[in-house]
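# need coordinates for the following:
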Amino acid sequence: MSNAPRASQKSRDTLEYLRERITSGAWPLNAPIPKEPELMEMIGVGKSTVREAVRTLANLGMLEAIPGSGTFVRARTPVTSILTQFLADHDLEEVLVYRRSLEIEAAQHAAVHRTEDHLSRLRAALARGEDADRIASEGCQASTETDAFHHIIVEASGSTLLLDLYMGVMTVLQNANRTGQVILGTTAATMQFDHRAVYEAIAARDVRDAAHSMALHVDRDLGLATDMLDFAPQTERATSLIDAGYDPQPR
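Numbers count the residues shown, from 1 in each chain. This next block holds a predicted model:
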């Protein structure tokens with residue numbers, strides 16, 4: 001009986017160690033965590049204790065074990081997994097509206113809180129995304145570079161809560177994109193034009209332009225496939241922004 005508390009404490013300590021590695025960003029999203037033998041040596045526990053902790057975090061949606069490949073970080077907190085399940089029961093149009101709100105708020109905060117590292121990463125994402133021919137060859141599938149660009153902006157907002165909410169929303173929309181329910185509703189050229197306008201506003205710390213350029217972008221970015229029979233559709237809000245004279249041009 002005297003060993004039970006110690007064993008229980010080891011399990012709790014192992015779980016907390018893995019959780020801290022994930023939440024702190026030491027193990028990045030979508031990256032593999034160390035192999036089982038490495039974890040055993042790092043933490044000083046046995047195989048069963050490591051497996052129990054990994055299984056617990058996998059059940060929470062924070063880790064995903066892929067046979068033959070390893071175990072990967074899928075969410076920084078359980079919030080993302082819970083929110084993803086919650087949003088999956090809602091109409092996709094509602095999820096898109098929610099995503100737009102988060103992106104606009106993130107852009108405003110990024111204009112205030114961004115660092116030189118954020119700008120460097122945004123420029124790198126822009127450069128990778130400017131291969132218009134390759135993006136066009138992917139049809140209506142959202143590109144990895146586009147996802148990365150938006151994700152960095154949310155990170156630059158400085159709000160971990162906003163990032164958790166955004167990750168949950170985008171998991172739902174990425175799944176819908178893979179099944180063809182949600183598509184990229186603009187041309188590659190327009191998408192890159194919008195991205196550069198957003199970047200330049202954030203780089204200039206212009207909160208107003210960051211909000212407006214992101215609002216214009218997300219209103220002609222992802223949308224329901226049934227609503228997007230033509231490229232570059234204009235929503236009522238996007239049209240009102242343009243009619244009011246707000247149509248950002250790269251500086």
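
# please count neighbours and contacts with C-alpha atoms only from this point.
OK.

# for residue 170, what are its contacts?
Residues near residue 170 by CA atoms under 8 Å, 6 or more residues apart in numbering: residue 99.

# gap between it and residue 31?
18 Å (CA to CA, to the nearest Å).

# what ranges does this structure have for its strands?
Taking DSSP state E as the criterion, the chain contains strands spanning 63-66, 70-73, 182-184, 222-224.

# in its sheet, which strands sit next to the last one, and in what direction?
If I follow you right, that is strand 222-224. Within its sheet, and counting by DSSP bridges, strand 222-224 is paired with strand 182-184 (antiparallel).

# which of the residues in the strand it pairs with are buried?
For strand 182-184, the buried set under the neighbour-count rule, 16 or more other CA atoms under 10 Å, comprises 182, 183, 184.

# now that strand: average pLDDT?
Mean per-residue pLDDT for strand 182-184: 82.

# can you show me the helices along the stretch 1-150 of the chain?
Counting by DSSP state H, counting those that start in this stretch, the segments of the stretch 1-150 of the chain that form helices are 3-23, 36-43, 47-59, 78-87, 92-113, 116-129, 132-137, 144-156.

# lowest-confidence stretch among those helices?
helix 132-137 - the lowest mean pLDDT of those, at a mean of 50.

# next, the distance between the ends of stretch 182-192.
End to end - CA to CA - stretch 182-192 spans 19 Å.

# measure how far it is from the centre of its chain, please.
18 Å (CA atoms, centre = their mean, to the nearest Å).

# what of stretch 158-167?
9 Å.

# so what touches it?
Residues contacting stretch 158-167 (CA under 8 Å, 6+ apart): 75-77, 79-80, 83, 99, 102, 106, 109-110, 113-114, 154-155.

# quick check: of the residues you listed, which has the highest neighbour count?
residue 110 (30 neighbours; other CA atoms under 10 Å).

# what's near enough to touch the closest residue to that one other than its chain neighbours?
Of all residues not flanking residue 110 in the chain, residue 157 sits nearest, at 4.0 Å (CA to CA, 6 or more residues apart in numbering). Contact analysis of residue 157 by CA under 8 Å, 6+ apart lists 106, 107, 108, 109, 110, 111, 112, 113, 114.

# quick one: residue 200 and residue 213, what's the gap?
Applying CA to CA to residue 200 and residue 213 gives a distance of 10 Å.

# which of those two has more neighbours?
Legend: neighbour count by other CA under 10 Å for residue 200 and residue 213, higher for residue 213 (28 against 22).

# measure how buried the nearest residue to that one once chain neighbours are set aside is and give me the count.
Nearest non-adjacent residue to residue 213, counting by CA to CA, 6+ apart: residue 198, 5.5 Å away. Using other CA under 10 Å, residue 198 has 27 neighbouring residues.

# and residue 198, what pLDDT?
With respect to pLDDT, residue 198 scores 96.

# kindly report the same for residue 228.
52.

# just to revisit the earlier point, with respect to residue 42, which of the contacts of stretch 158-167 is nearest?
Nearest to residue 42, judged by CA to CA, of the contacts of stretch 158-167 is residue 76 at 20.6 Å.

# how about the closest one, what does it touch?
So residue 76 contacts 22, 23, 25, 29, 62, 164 (CA under 8 Å, 6+ apart).

# give the contact list for the closest residue to residue 99 other than its chain neighbours.
Nearest residue to residue 99, sequence neighbours excluded (CA to CA, 6+ apart): residue 169, at 6.4 Å. Residue 169 makes contact with 83, 84, 87, 95, 98, 99, according to CA under 8 Å, 6+ apart.

# and the residues you listed as a markdown table, adding distance to residue 37?
Putting the contacts of residue 169 into a markdown table (distance: CA to CA, whole Å) gives the following:
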| residue | distance to residue 37 |
| --- | --- |
| 83 | 33 |
| 84 | 32 |
| 87 | 37 |
| 95 | 41 |
| 98 | 42 |
| 99 | 40 |
